[in-house]
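Enquirer: starting from these lines, generate the structure:
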Amino acid sequence: PASADYAALLAAPAELAAAGRALGNQEVVWPSWECVLVREPQQGVGSVVAGVSPSALSQSGGDAASDGRGDPRVVPAEWLDGCGRILLADAVAALRGTGCALDGELKRDVGASFLKTHAALFEGLPHAAQLLPGLVQEAFCGDPTSVLTAFCVLCVLVETGLHTLWREVGPQGEQCPQLLRDLLLCPALMEQLPRGLGLCLKVLFLPAGLNIRNLVLHGFLAPLELPREYFALVLFALGSLGRAHLSSRGTVLPAHVVAAQAAGDATVSDWGSDLPLSIDELAHAWLASAEGADRWLLNCTAFVPPGRLGVTATALRHFRSGRPLRGAVELLPVLEHGLRVAFCDANDAPSYGFAQFGEYYSTLDGFGQRSKHQLLLGLAVEGRPNELLP
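Expert: Predicted coordinates:
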């Protein structure tokens, strides 16, 4: 699970929900990202309106604990371009408050008006135009499992959207960064985003912030632990990435281009066709079995905890319906969580089961930073053999 630090951040007070409506127009709220986190207080409203007032927060003289807030962590100064000092807890609260307002706008008609009005923004982003209508429907169906699985896919769309934008505006001759962290710390890429959006994305996704992408995709959060307003917030952020992508190309794609792009989309794909023969045969044998085999598996295994049974069932349905990429996005966090529980039990190392703020997590892959993570399938644990391995 996530540590108490992260739990407190995720449940940050959402008093800013009503104020968030002031960030857009009357028809569809669209955040002025520049004002979400950095905004001077409005007269007669209070010290925090639709964002965090740096001047108000700087009055503590640098000691966050002394002003009664109790949490000394601040948004890294280099993210703020000298605009002041913001406590991380207040930054997350401001983002969640904005997400509450956006969630209310989407909930009115399950996002139909939003997606119709702003369809052009998503047409240039890989898979977004085709997948978003279904994702929004899932997020607002009332099932926390569907919110989590939709958010998993949305995080992937944001990451691929950033890669797409980087290929348009990134430095000539340089290879595109593979890690989300490096994309968000790329000055040339951040300059192409609407003012303020880069800061919001850093607070949401980087390890010195909420790190919500890694908490979700590495299996630390169960469905009931993810507030839905983060889905709405990241959906609008994705739309802003699409707007930046169109601006970088100097054109707006016509609606008929969507059909041409969607024709080869990856909702149904041959992903996995190059797997080793033994795995391929096992997968085909399972898919050839009756759908009741999925229920039997979930009823008899202790590997999948009760809080993640719904996610697993949804993933298996997507595999059976010919959507293996979607199923993999949903199932991999469950797999990693199960392996982490087994790893901690086998090695008597319970501390690795938590996502600790400011620490590298125990992960399945450690992509790009293997020497810094405790790998669940690594050979050693603190100099001892990994007892999880045969």
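Enquirer: which residues does stretch 297-314 contact?
Expert: Stretch 297-314 is contacted by residues 143, 145-146, 148-149, 222-224, 294-295, 316, 330-331, 333-334, 337-338, 341-342 when judged by Cβ atoms under 8 Å, 6 or more residues apart in numbering. Where C-beta positions appear, they are placed from N, C-alpha and C, glycine not excepted.
Enquirer: and for stretch 200-207?
Expert: Contacting residues not belonging to stretch 200-207 are listed as 33, 36-37, 75, 79, 88, 91-92, 95, 158, 180-181, 184-185, 193, 208-214, 230, 233-234, 237, 358 [Cβ under 8 Å, 6+ apart].
Enquirer: what about the closest residue to residue 190 other than its chain neighbours, neighbour count?
Expert: Excluding the flanking residues, the one nearest residue 190 by Cβ to Cβ, 6 or more residues apart in numbering is residue 198, at 3.9 Å. Counted with other Cβ atoms under 10 Å, residues neighbouring residue 198 total 21.
Enquirer: next SSE downstream of the helix-or-strand element of the chain with minimal mean pLDDT?
Expert: In the chain, the helix or strand scored least confidently by mean pLDDT, DSSP states H and E is helix 54-57, which has a mean of 33. Sequence-wise, the next helix or strand beyond helix 54-57 is helix 77-80, with elements assigned using DSSP states H and E.
Enquirer: quick check: what element follows that following helix along the chain?
Expert: Using DSSP H and E, the next helix or strand after helix 77-80 towards the C-terminus is helix 88-107.
Enquirer: who are the packing partners of that next one?
Expert: Identification of packing neighbours for helix 88-107 by 3 or more Cβ pairs under 8 Å, 6 or more residues apart in numbering; DSSP states H and E yields helix 4-10, helix 17-20, helix 33-37, helix 197-205, helix 229-249.
Enquirer: could you pull up the mean pLDDT of that helix?
Expert: The predicted model assigns helix 88-107 a mean pLDDT of 84.
Enquirer: begin at 2, not 1, for the rest of this chat.
Expert: In the new numbering, first residue 2, that becomes helix 89-108.
Enquirer: what residues of the helix or strand just after that helix count as buried?
Expert: The helix or strand immediately downstream of helix 89-108 is helix 113-118, counting by DSSP H and E. Buried residues in helix 113-118, counting neighbours by 16 or more other Cβ atoms under 10 Å, are found at 115, 116.
Enquirer: keeping just the C-alphas, turn helix 113-118 into PDB.
Expert: What follows is helix 113-118, C-alpha atoms only, in PDB (Å, rounded to 0.1, in the frame of the first residue of the first chain):
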ATOM      1  CA  ALA A 113     -20.300  13.900 -23.800                       C
ATOM      2  CA  SER A 114     -20.400  17.600 -24.300                       C
ATOM      3  CA  PHE A 115     -16.700  18.000 -23.300                       C
ATOM      4  CA  LEU A 116     -15.500  15.300 -25.700                       C
ATOM      5  CA  LYS A 117     -17.700  16.600 -28.500                       C
ATOM      6  CA  THR A 118     -16.600  20.200 -28.100                       C
END
